[in-house]
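**Student:** Below is the structure, and that's it, no one-letter string:
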Ligand SMILES: [Zn+2]
């Protein structure tokens, strides 16, 4: 897939994205988080919103407060309850006094929103679009930028630098497919993701991601036609990752595909061995 890259962004400063929107990139780069989590600062008629406070890191909280400057942070919105997105929520709330917003059912008991959002609900011009799959409580946010048009803060559902990990039980491949299909029916001109640079022409990437997953699923089914498989050797054969984290991610993705096939009555598991339903 035509993934985008970017040089290491400046740390500790607000980087311009679009009129009224900047990002502060957290100091948590890794093979799973790319250059780090993007914390967005969004200035609207309703004041300053922070989308995704980022990982539990006092320096990052200080960086966000510095980027806000004399502006008061009115609200802190969390796209989904993964620690690289909500980790700093409590500390940023304490530093700013702003309430926390998130999906009505949190995917992690360590994160509790003060104000719970439902699918389609808007706050400060940010309209939540429920997009489960990467995480059970994942919200993307639709937003209108004057002069640019309708954009989507796509968080970790669709990113420019990599496909998303779908890690059960929070990650759900059937939901992920459905959430990709949902985006195909939309006409956003640009995505601002949770990691990595902005994604122009987002629908073609979404279509490729969906096609890629369907091809992967077909490959898994083709392997199961030949013999039953346990997940580690099947992931090894299909992904050939050497990095330990990527190897683990590959196994979780394979499990997610198999659980989807199981839910659809196509595959079954016995003693960790997966086979097709005959
Ligand atoms: Zn993330």
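**Tutor:** The structure has been received and is ready for your questions. Predicted, not measured: the structure shown is a model, and the values here were computed from it.
**Student:** Give me every residue in the stretch 1-150 of the chain lying close to the ion.
**Tutor:** residue 84 (C-beta under 5 Å from the ion). (Each C-beta comes from the backbone N, C-alpha and C, glycine too.)
**Student:** Checking the residue in the stretch 1-150 of the chain that the ion sits nearest to next. Helix, strand or coil?
**Tutor:** Proximity of the stretch 1-150 of the chain to the ion (C-beta to the ion) peaks at residue 84, 4.4 Å away. Under DSSP: H, G, I helix; E, B strand; the rest coil, residue 84 falls in the helix class.
**Student:** how much space between it and residue 162?
**Tutor:** Computed with C-beta to C-beta, to the nearest Å, the distance linking residue 84 and residue 162 is 14 Å.
**Student:** For the two, work out which one has more neighbours and name it.
**Tutor:** Remark: of residue 84 and residue 162, residue 84 carries more neighbours, 22 against 18, as counted by other C-beta atoms under 10 Å.
**Student:** I'd guessed residue 105 sits against residue 137; true?
**Tutor:** Yes: counting by C-beta atoms under 8 Å, residue 137 is a contact partner of residue 105 at 5.8 Å.
**Student:** So which of those two has more stuff around it?
**Tutor:** Neighbours per residue (other C-beta under 10 Å) separate residue 105 from residue 137, with residue 137 holding more: 22 against 11.
**Student:** Might you list the low-confidence residue ranges for the stretch 151-278 of the chain?
**Tutor:** By pLDDT under 70, the stretch 151-278 of the chain has no low-scoring segment.
**Student:** residue boundaries of the strands in the stretch 51-200 of the chain?
**Tutor:** 73-77, 100-103, 115-117, 122-123, 126-130, 139-145, 149-155, 190-193, 199-200 (DSSP state E, counting those that start in this stretch).
**Student:** Just send these back as TSV, with mean neighbour count too.
**Tutor:** Shown next, in TSV, are these (neighbours: other C-beta atoms under 10 Å):
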stretch	mean neighbour count
strand 73-77	23
strand 100-103	24
strand 115-117	16
strand 122-123	14
strand 126-130	21
strand 139-145	22
strand 149-155	22
strand 190-193	24
strand 199-200	18
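**Student:** Just send those back as CSV, with distance to residue 57 too.
**Tutor:** Below are those laid out as CSV (distance: least, C-beta to C-beta, whole Å):
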stretch, distance to residue 57
strand 73-77, 15
strand 100-103, 17
strand 115-117, 24
strand 122-123, 25
strand 126-130, 24
strand 139-145, 23
strand 149-155, 19
strand 190-193, 20
strand 199-200, 25
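**Student:** between those, which gets nearest to residue 175?
**Tutor:** The closest of the strands of the stretch 51-200 of the chain to residue 175 is strand 126-130. By C-beta to C-beta, the value is 9.6 Å.
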